[in-house]
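J.: Okay, predicted coordinates and the sequence, questions at the end:
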Amino acid sequence: MLGIEPNTQRPRMDEAMGIIMRLLTDPTPLTYESDWFTLKDARLHLRPYTQPHSPIAVAAAGSPSGMVLGGK
């Protein structure tokens with residue numbers, strides 16, 4: 001739907017999930033540069049109330065990569 005090749009989507013989803021989990025669990029500012037996005041001193045405006053964070057869901061259809069990421 002976004003015009004991104006499936007072989008590119010899966011590694012990006014894995015990379016992004018790692019960054020999202022870091023933002024949810026670590027209050028220190030995060031600087032991160034990738035070939036498709038950049039964060040400079042990023043942090044959440046509102047920290048999660050549920051510790052360590054709210055439940056996370058990963059969509060998966062057509063391949064096991066989403067399930068593997070969900071298991072991480």
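T.: Right, received. Where do you want to start?
J.: number of nearby residues for L23?
T.: Each residue near L23 was counted by other C-beta atoms under 10 Å, and the total is 19. Backbone N, C-alpha and C define where each C-beta goes, glycine included.
J.: Correction: the previous question concerned T28.
T.: Other residues near T28 number 7, with proximity taken as other C-beta under 10 Å.
J.: Just give the closest residue to it, not the sequence neighbours.
T.: R43 (7.5 Å; C-beta to C-beta, 6 or more residues apart in numbering).
J.: Show the contacting residues for that neighbour.
T.: R43 makes contacts with L23, P27, T28, P29, L30, as judged by C-beta atoms under 8 Å, 6 or more residues apart in numbering.
J.: Also N7?
T.: If you count contacts by C-beta under 8 Å, 6+ apart, N7 has none.
J.: what number of residues lie near G3?
T.: Here the count is done by other C-beta under 10 Å, and G3 has 4 residues near it.
J.: The protein: helices as residue ranges?
T.: According to DSSP state H, the chain carries its helices in the segments 6-25, 65-71.
J.: Now tell me which of the ones you listed the model trusts least on average.
T.: Considering those one by one, the lowest average pLDDT is found for helix 65-71, at a mean of 74.
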